[in-house]
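# turn this into a model:
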Amino acid sequence: MDIVVWKIPKDSSLNFYKYANFTFDINLEDFKKLSNQKIMEEYGFNDTSRWIIEYSKGKGFSKGIIIGTGALSLFLGGNMYAVGISSINKYDAFPYQFSFLFGTTLVVSGVWLEVYGIKMKDAKTEIYNNLKQYYTTHNVSKKMAKYIQYKREHYKPKPFLN
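Presented below is the predicted three-dimensional model:
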């Protein structure tokens, strides 16, 4: 259940609800200039939008991990190729066929991870797109809906003395 927060401005004679039902009147460039705290104040005023922001923030952390893992995989694949090349003429060394097989696997997965990580959008772009979709159509993706449903169940008030 969405909770609409009652905003009270400094002028106490003017009270209004700040819930933009079908409007999202900011462009991406201006949105990226906002700080995280300002985004939470301006657009995170109900529980669903807060969880959308929280869900979308994790994408930036994931992008860094994916790119780092891809770089590590490329490095290890290159090292496996080096081990394979150096052990071709040695009989007591690690079998070079396995080195080339593992090296190829690591290089291919590293290239895939790097390309996937580079194609990922940054966190603020994800937040902007998800909030815009929520405020204009009141729909979210299936994964995000599952995340929001989990959060609602997790933060549901517990019965007293249970």
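# all contacts plus neighbour counts: C-alpha atoms, from now on.
Will do.
# find the nearest non-adjacent residue to residue 51, please.
Distance criterion C-alpha to C-alpha, 6 or more residues apart in numbering; nearest residue to residue 51, sequence neighbours excluded, is residue 148 at 6.4 Å.
# from residue 85, how far off is that neighbour?
Counting by C-alpha to C-alpha, to the nearest Å, the gap from residue 148 to residue 85 is 52 Å.
# the more surrounded of the two?
Comparing residue 148 with residue 85 by other C-alpha atoms under 10 Å, the one with more neighbours is residue 148, at 20 against 14.
# enumerate every residue touching that one.
Residue 148 makes contacts with 48, 51-52, as judged by C-alpha atoms under 8 Å, 6 or more residues apart in numbering.
# helices - which of these land there?
Mapping the contacts of residue 148 onto helices (DSSP state H) picks out 48, 51-52.
# and stretch 77-90, how far from the chain's centre?
37 Å (C-alpha atoms, centre = their mean, to the nearest Å).
# mind telling me what element the residue nearest to residue 113 when sequence neighbours are not counted is part of?
In space, and not counting its chain neighbours, residue 113 is closest to residue 70: 4.8 Å by C-alpha to C-alpha, 6+ apart. Per DSSP states H and E: residue 70 is located in helix 47-86.
# buried residues in that helix?
Residues of helix 47-86 classed as buried: 47-53, 55-57, 59-60, 63, 66-71, 73-74, 76-78, 80-81, 83-84 (neighbour count, 16 or more other C-alpha atoms under 10 Å).
# cool, stretch 34-50 as well?
39-40, 43-45, 47-50.
# pLDDT at residue 72, what is it?
Residue 72 carries a pLDDT value of 95.
# distance of it from residue 78?
Relative to residue 78, residue 72 is positioned 10 Å away (C-alpha to C-alpha).
# now the strands for the protein?
Assigned by DSSP state E, the strands in the chain fall at 6-7, 16-17.
# could you verify my assumption that residue 124 touches residue 55?
No: using C-alpha atoms under 8 Å, residue 124 is not in contact with residue 55, being 11.4 Å away.
# one step back: and the strands of the chain, which one's lowest on average pLDDT?
strand 16-17 (a mean of 40).
# so where's the protein shaky on pLDDT?
Judged by pLDDT under 70, the chain has its weakly predicted residues at 1-24, 59-60, 93, 157-162.
# ok, residue 34 to residue 102 distance?
Plainly put, residue 34 is 45 Å away from residue 102 if you go by C-alpha to C-alpha.
# got it, and residue 63?
Distance of residue 63 to residue 102, computed by C-alpha to C-alpha: 25 Å.
# could you do residue 47 as well?
Residue 47 is 47 Å from residue 102, where distance means C-alpha to C-alpha.
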